[in-house]
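1. here is a sequence with its predicted model. Questions after.
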Amino acid sequence: MPEFKLEKVSSGFASMVVQEPGAEGIRSCYACGTCTAGCPVRRVNAAYNPRKLIRMVLLGMQDEVLQGKEIWLCSSCYTCQERCPQGIRITETIIALRNLAAREGYAPSGVSMQAKLIKDQGRLYALDEFDDKKRKKAGLPSLPSEVAGATKLLDEKE
């Protein structure tokens, strides 16, 4: 865990997180560790620890949480959430933390790049003739090249 420095504590951080959709129950965590014990990401990366992230939020370690890479490691598999004895929506809490980090400008460059691609093209990669032929073969309609809907949706969020 990062070094805890009292002068860097944000007393309102937990309250800010609780206001985010999905993170309302974070204060019910009693640090049992069930979330971490069942986490498949934790099995391959010891740096990822959902329990530690929740504790850091509750301790007011805003900079460490939002600027750190740990919140971006979650695979959103919902294992932690399904097993939590307190019913905390851990995956949604991690997503809420990612949203807060992105609003503060701490999203990894890949996330920003993906958002730009979706805004500009309506998808993460351009569809070509090959993709269209596969869709037709599967009995699916062609996808429009028009991305106004995605652009409009993203413009409204800014």
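-> Yep, it's here.

2. pLDDT score for the nearest residue to Ala31 once chain neighbours are set aside?
-> Spatially, and ignoring its direct neighbours in sequence, Ala31 is nearest to Arg51 (5.7 Å; C-beta to C-beta, 6 or more residues apart in numbering). In this view, the C-beta of every residue, glycine as well, is placed from N, C-alpha and C. Arg51 carries a pLDDT value of 96.

3. how does this protein divide into domains?
-> Following automatic domain parsing, one finds the domains of the chain at 6-103, 109-157.

4. how about Glu92, phi and psi?
-> Dihedral pair for Glu92: phi -70, psi -30, per degrees, to the nearest 10.

5. how close does Leu53 get to Lys136?
-> Remark: distance between Leu53 and Lys136 (C-beta to C-beta, to the nearest Å) = 45 Å.

6. more neighbours, these two?
-> Using other C-beta atoms under 10 Å, the more surrounded residue of Leu53 and Lys136 is Leu53, with 25 against 11.

7. from the domains of the chain, which stretch is densest packed?
-> The highest mean neighbour count among the domains of the chain, using mean count of other C-beta atoms under 10 Å, belongs to domain 6-103: a mean of 17.

8. what helix or strand is the residue nearest to Ala31 located in?
-> Using DSSP states H and E, Arg51 falls within helix 50-59.

9. against which helices or strands is whichever helix or strand comes after that helix packed?
-> Note on helix 50-59: by DSSP H and E, the next helix or strand toward the C-terminus is helix 62-67. The contact analysis (3 or more C-beta pairs under 8 Å, 6 or more residues apart in numbering; DSSP states H and E) places helix 62-67 against helix 13-18, helix 50-59, helix 90-103.
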